[in-house]
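**Q** pasted the sequence and its predicted model underneath.
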Amino acid sequence: MSRLKELLYSDLARQYELEGKSDVRPNLVRFLGRLLHFRFLPNVLCRTSRAAMLTGIPVLPKLLTYLNLVLFGLEVTPKCEIGPGIFFAHPVGCVIGAWRIGSNVTLFQGVGLGAKRTDMGFHRELRPEVGNNVVLGAGCKVLGPCYVGDNVTVGANSLVLSSVESNRTVLGIPASVVPSSVRITE
């Protein structure tokens, strides 16, 4: 339970930081109030779903995942390990079936992370992994097995089918590295 609280606090702190608020460690009253805020509730549902799965509570992870899908259009498998500071800028249409997502990752609407072929058993060797400080642009798809390195920006509507080295920007279908002279900034 303390790990869940830590992850939610870090998600909330990052959200405050991105909104330009100076108090990134909110007090308990504001934290509880923010849990019900429409922009943060998807985080609460996906984190709680994962925690329920890890503790072996039956049915609850699927119920929470379904609730997130119905309310926010966001489908995140509870099997995906997500690092602290995840930010769903616009969660509608996102389908997250990655094996692991690192810290401080930003996802825009319509992002898809999953296997290249049908994988009902959720096998690690078929799933993508996303590093730290990654920005996934609107509508982009990352299909594994592949690794998206740290500090990578994936442009809108790009299709990533192979691993991307750290500190790169990729665009296109299939995605290719953009020369350093033409960088996209957040």
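**A** Here it is on my side, so go on. Residues are numbered from 1 along each chain as shown.
**Q** which elements pack onto the lengthiest helix in the chain?
**A** Longest helix in the chain by number of residues (criterion: DSSP state H): helix 2-18. Contacts defined by 3 or more CB pairs under 8 Å, 6 or more residues apart in numbering; DSSP states H and E place helix 2-18 against helix 28-35, helix 41-54, strand 87-88. Quick note: C-beta positions are derived from backbone N, CA and C, even for glycine.
**Q** surely residue 103 is in a helix?
**A** No - counting by DSSP: H, G, I helix; E, B strand; the rest coil, residue 103 falls outside a helix, being coil.
**Q** so for it, what's the pLDDT?
**A** Note for residue 103: predicted pLDDT of 98.
**Q** so what's the residue count around it?
**A** Neighbourhood size, residue 103 [other CB atoms under 10 Å]: 16.
**Q** got phi/psi on residue 94?
**A** phi -80, psi 140 (degrees, to the nearest 10).
**Q** for residue 147, same thing?
**A** Per-residue torsions, residue 147: phi -130, psi 130 (degrees, to the nearest 10).
**Q** worst mean pLDDT among the helices and strands packed on helix 2-18?
**A** Among the helices and strands packed on helix 2-18, helix 28-35 carries the lowest mean pLDDT (a mean of 66).
**Q** so what's the backbone phi/psi at residue 171?
**A** Note on residue 171: its backbone torsions stand at phi -140, psi 160 [degrees, to the nearest 10].
**Q** quickly note the distance from it to residue 89.
**A** Distance, residue 171 to residue 89, using CB to CB, to the nearest Å: 18 Å.
**Q** which non-adjacent residue is nearest residue 45?
**A** Leaving aside its chain neighbours, residue 45 sits nearest to residue 68 (4.2 Å; criterion: CB to CB, 6 or more residues apart in numbering).
**Q** contacts for the helix or strand where the one you found lies next, please.
**A** When elements are assigned from DSSP states H and E, residue 68 belongs to helix 60-72. Outside helix 60-72, the residues that touch it by CB atoms under 8 Å, 6 or more residues apart in numbering are 41-42, 45-46, 48-50, 52-53, 74-78, 91-92.
**Q** repeat the analysis, applying 7 Å as the threshold.
**A** 42, 45-46, 48-49, 52-53, 74-76, 78, 91-92 (CB atoms under 7 Å, 6 or more residues apart in numbering).
**Q** again with stretch 112-130
**A** Contacts for stretch 112-130 (CB under 7 Å, 6+ apart): 77, 79, 95-102, 105, 141-148.
**Q** alright, calling it a day.
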